[in-house]
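Student: Sequence and computational prediction follow.
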2 protein chains.
Amino acid sequence: MVQVYRADEGGLPSADRGLAYGDGLFETIRAEGAHAPLLSGHLDRLTKDARRLGIPASRGELEKIAIGALGEFSGHYSQHDCEAPWVLKLTLTRGAGGRGYQPAPGMQPNLLVAHSPAPPAPDPRGVCVEFSPVPLTVNPLLCGIKSLNRLEQVMAARALQGPVFEVLMSNSEGHVVEGTRTNIFVLTDAGWLTPPGAALAVSGVMRSHVLSCLYASGEPVHEAPITLEWLMSDRCRGLYLTNSVLGIVPVRNLADQDLPVDNRLATICGSPTKMDKS
Amino acid sequence: MVQVYRADEGGLPSADRGLAYGDGLFETIRAEGAHAPLLSGHLDRLTKDARRLGIPASRGELEKIAIGALGEFSGHYSQHDCEAPWVLKLTLTRGAGGRGYQPAPGMQPNLLVAHSPAPPAPDPRGVCVEFSPVPLTVNPLLCGIKSLNRLEQVMAARALQGPVFEVLMSNSEGHVVEGTRTNIFVLTDAGWLTPPGAALAVSGVMRSHVLSCLYASGEPVHEAPITLEWLMSDRCRGLYLTNSVLGIVPVRNLADQDLPVDNRLATICGSPTKMDKS
């Protein structure tokens, strides 16, 4: 059984391994009122990643906690029949204890529940993106896991100033993998292209949603490595960032090079809200 | 100015970036009474690593906090004129705030102060060590930094069961780099060998101390990559683990192969306590 803590009541115990070693996971879940369009995807990922780390937490109990929190906190973001989008954050850690890095047997996981207003919506006309000089390293054992080990993303995100909405990070093989907080989809003459799952530091819930929509629409999709040179060539017909809180964000300028912007990917995928409600 | 929090008074604020992203550093400092033999090395590393991460903390203020804590907590570990060794843990984070991964300008760092009894001393006759299947990934920008991103070490440390005192982790180039909580020194016919600083996930304070002692004694020292095959060959005349809390730990058995054990390295380096006090 997961032990639940609330951020507004003091947070996790000081000896929690989430702070000590980043020994845990988190999900930031977009909500509209008490409804979270991609909740199911977040719970799937959290449960799967917890299993990969050996943190015992069942989807059922996580779902119950999330739905309770969605109901409880939604009132903070509703005024005059107007619902402002907000974010439910779940931080699941292995708990407190163990001997140094070594976890103790039978540890009880801790779950921190927090909420905040949604960030401002990105410019619908597209955003500006640069390449990050911070290398992205992905441990094959931990690929795709949204763990609390995010120092590389923090270091890269320090470049998000002025018009720079996102920076893209590359691995040691010279492949552009993802943004600090976004996955990427590229439009090509041969269909859609996105880096393969095994290369990802974080495998986004919105990425999975977009992939599902593309497959369901019969769109050709390739998961393959992308080099910086390729991305800057005219074979790239459009670049899209995906993030479960921000949605699908078209890129209008990549490293000072203009890119065509359209709403094709957003149209294919629809609004996750509508899709989930329908 | 760093904001100080105590673990026994509730710990860091729930929105601290140390928990959220592992956006911080830590030091575990061995103390005997109010004296910490390697304190200077710990403060040097903490200050240098904070600068690398862009966390504003001066050596002077960190030293003042550490010395205050050593004096205050030492009483917990003294009984009947007998001083039990203990560990002072300092966790320095970028603080609370920012926008997602992106830190806010002018953030105030947080420092969590905690203490605990020292772990049991390793068997002086030597310990048993295995190779870890968990790959070690080191971001060149973050090499050597004792950050709060330690999930790889946690995953590897799950194998520390029964007689296995430590596991050695290798990088993607097939080089054995370090243990989960130790650096390594190898005795060869041509002198001492240790993996190069740029390859390390954590550059240990005890490693630096040992290197200084070896250089001061005129011992030949090489910093070069070490393969698993090399380490298992008869060119390896002895293997030593270093850790600032545990000291210099000889390995008597590596992956079921016996190794000669002597106290040569400990003799060269002396006890850090005595060295520092002298």
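Tutor: Ah, there it is.

Student: Residue A:191 versus the nearest residue in space to residue A:268 that is not next to it in sequence, what's the distance?
Tutor: Leaving aside its sequence neighbours, residue A:268 sits nearest to residue A:217 (CB to CB, 6 or more residues apart in numbering or on different chains; 5.1 Å). Using the backbone N, CA and C atoms, a C-beta is placed for each residue, glycine as well. With the distance defined as CB to CB, to the nearest Å, residue A:217 ends up 11 Å from residue A:191.

Student: Residue A:167 too?
Tutor: For residue A:167, the distance to residue A:191 equals 26 Å [CB to CB].

Student: With neighbour numbers in mind, choose between the two.
Tutor: residue A:167 (22 against 12; other CB atoms under 10 Å in any protein chain shown).

Student: I'd say the residue nearest to residue A:268 and residue A:267 touch.
Tutor: No. Contact criterion CB atoms under 8 Å: residue A:217 and residue A:267 do not qualify, at 9.6 Å.

Student: of all the residues in the stretch 151-278 of chain A, which ones are close to chain B?
Tutor: A:151-158, A:160, A:172, A:180-181 (CB under 8 Å from any CB of the partner chain).

Student: and if we set it to 10 Å?
Tutor: Contacts of the stretch 151-278 of chain A with chain B, taken as CB under 10 Å from any CB of the partner chain, map to A:151-161, A:172, A:180-181, A:243, A:245.

Student: any idea how far residue A:245 is from the closest residue to residue A:83 other than its chain neighbours?
Tutor: Distances taken as CB to CB, 6+ apart put residue A:33 closest to residue A:83, at 4.6 Å, once the chain neighbours are dropped. Applying CB to CB, the value for residue A:33 to residue A:245 is 16 Å.

Student: So the two - more neighbours on which side?
Tutor: Taking other CB under 10 Å, residue A:33 and residue A:245 do not tie; residue A:245 has more neighbours (18 against 15).

Student: Does that one touch residue A:28 like I think?
Tutor: Yes. The pair residue A:245 / residue A:28 is scored as a contact, 5.7 Å apart, by CB atoms under 10 Å.

Student: Just list the residues touching residue A:205, thanks.
Tutor: By CB atoms under 10 Å, 6 or more residues apart in numbering or on different chains, the contact list for residue A:205 reads A:27-30, A:38-46, A:146, A:183, A:242-245, A:272.

Student: could you flag which of those residues are buried?
Tutor: A:27-30, A:38-39, A:41-43, A:45-46, A:146, A:183, A:242-245, A:272 (16 or more other CB atoms under 10 Å in any protein chain shown).

Student: Sitting in strands, which of those residues do you find?
Tutor: Among the buried ones among the contacts of residue A:205, the members falling in strands (DSSP state E) are A:27-30, A:183, A:242-243.

Student: Mind picking the two most distant members of those?
Tutor: Greatest spatial distance in these: A:29 and A:183, 16.5 Å, computed using CB to CB.

Student: Just give the nearest non-adjacent residue to the residue nearest the centre of chain A, would you?
Tutor: Compute the mean C-alpha point of chain A, and by CA atoms, centre = their mean the closest residue is residue A:204, 4.2 Å away. Excluding the flanking residues, the one nearest residue A:204 by CB to CB, 6+ apart is residue A:183, at 4.4 Å.

Student: contacting residues around the one you found?
Tutor: If you count contacts by CB under 10 Å, 6+ apart, residue A:183 has them with A:177, A:194-195, A:197, A:200-208, A:210-211, A:240-244.

Student: pretty sure residue A:149 is touching residue B:19, no?
Tutor: No. At 11.7 Å, residue A:149 and residue B:19 do not qualify as touching, with contact defined as CB under 10 Å.

Student: Tell me where the stretch 1-150 of chain A is predicted with low confidence.
Tutor: Applying pLDDT under 70 to the stretch 1-150 of chain A flags no residue at all.

Student: Show me where it has its strands.
Tutor: Secondary structure of the stretch 1-150 of chain A by DSSP state E, counting those that start in this stretch: the strands cover A:3-6, A:24-32, A:78-79, A:82-83, A:85-93, A:110-117, A:127-131.

Student: can you pull the pLDDT of the residue nearest to residue A:268?
Tutor: Turning to residue A:217, the model gives it a pLDDT of 96.

Student: ok so, going back, who does the residue nearest to residue A:204 bridge with?
Tutor: Assessed by DSSP bridges, residue A:183 has beta-bridge partners residue A:242.

Student: any idea of the pLDDT on it?
Tutor: Residue A:183 is given a pLDDT of 98.

Student: chain center to the helix or strand encompassing residue A:210: distance?
Tutor: In the assignment (DSSP states H and E), residue A:210 maps to helix A:205-216. Here the centre of helix A:205-216 is set off from its chain's centre by 13 Å, with CA atoms, centre = their mean, to the nearest Å.

Student: Would you list the strands that the helix or strand following it pairs with, along with their directions?
Tutor: The first helix or strand that comes after helix A:205-216 along the chain, using DSSP H and E, is strand A:221-223. Strand A:221-223 has its sheet partners listed here by DSSP bridges as strand A:191-194 (parallel).

Student: Now do the buried residues in the partner strand.
Tutor: Buried residues in strand A:191-194, counted by 16+ other CB under 10 Å: A:192-194.

Student: Same check on stretch A:231-238?
Tutor: Residues of stretch A:231-238 classed as buried under the neighbour-count rule (16+ other CB under 10 Å) are A:231-232, A:236, A:238.

Student: Residue A:201 touches residue A:151, doesn't it?
Tutor: No. In this structure residue A:201 lies outside contact range of residue A:151 using CB under 10 Å: 11.3 Å.

Student: Now residue A:241: closest residue in space that isn't a chain neighbour?
Tutor: Closest to residue A:241 by CB to CB, 6+ apart is residue A:182, at 3.8 Å.

Student: so what's that neighbour up against?
Tutor: Residues in contact with residue A:182 (CB under 10 Å, 6+ apart) are A:122, A:127, A:129, A:165-168, A:202, A:204, A:206-207, A:240-244, A:246, A:248-249, A:251.

Student: one more time with 6 Å
Tutor: Residues in contact with residue A:182 (CB atoms under 6 Å, 6 or more residues apart in numbering or on different chains) are A:166, A:241-243.

Student: In the residues you listed, find the pair that's most separated.
Tutor: Maximum distance among the contacts of residue A:182 (CB to CB): 10.9 Å, for A:166 and A:242.

Student: So for residue A:149 and residue B:19, which sits in the more crowded spot?
Tutor: Taking neighbours as other CB under 10 Å, residue A:149 and residue B:19 compare with residue B:19 leading, 31 against 24.

Student: and the gap between the more buried one and residue B:11?
Tutor: Distance from residue B:19 to residue B:11, counting by CB to CB: 9 Å.

Student: that older thread, quick check on the residue nearest to residue A:83: phi, psi?
Tutor: Residue A:33 has phi and psi values of phi 60, psi -130 when expressed as degrees, to the nearest 10.

Student: helix/strand/coil for residue A:229?
Tutor: Secondary structure for residue A:229, judged by DSSP: H, G, I helix; E, B strand; the rest coil, is helix.

Student: and it, how many neighbours?
Tutor: Counted with other CB under 10 Å, the neighbours of residue A:229 add up to 9.

Student: Break down chain A into its helices, ranges please.
Tutor: All helices of chain A, identified by DSSP state H, fall at A:17-21, A:39-53, A:59-74, A:151-157, A:205-216, A:228-232, A:264-269, A:272-277.

Student: and of the ones you listed, who's closest to residue B:69?
Tutor: Closest approach to residue B:69 among the helices of chain A (CB to CB): helix A:17-21, 17.4 Å.

Student: Report the residue ranges of every domain in chain A.
Tutor: Segmentation of chain A into domains, based on automatic domain parsing, reads A:3-117, A:127-277.

Student: Show me what the nearest residue to residue A:238 once chain neighbours are set aside bridges to in the sheet.
Tutor: Residue nearest to residue A:238 in three dimensions, not counting chain neighbours: residue A:187, with 3.7 Å by CB to CB, 6+ apart. Beta bridges link residue A:187 to residue A:192, residue A:238, judged by DSSP bridges.
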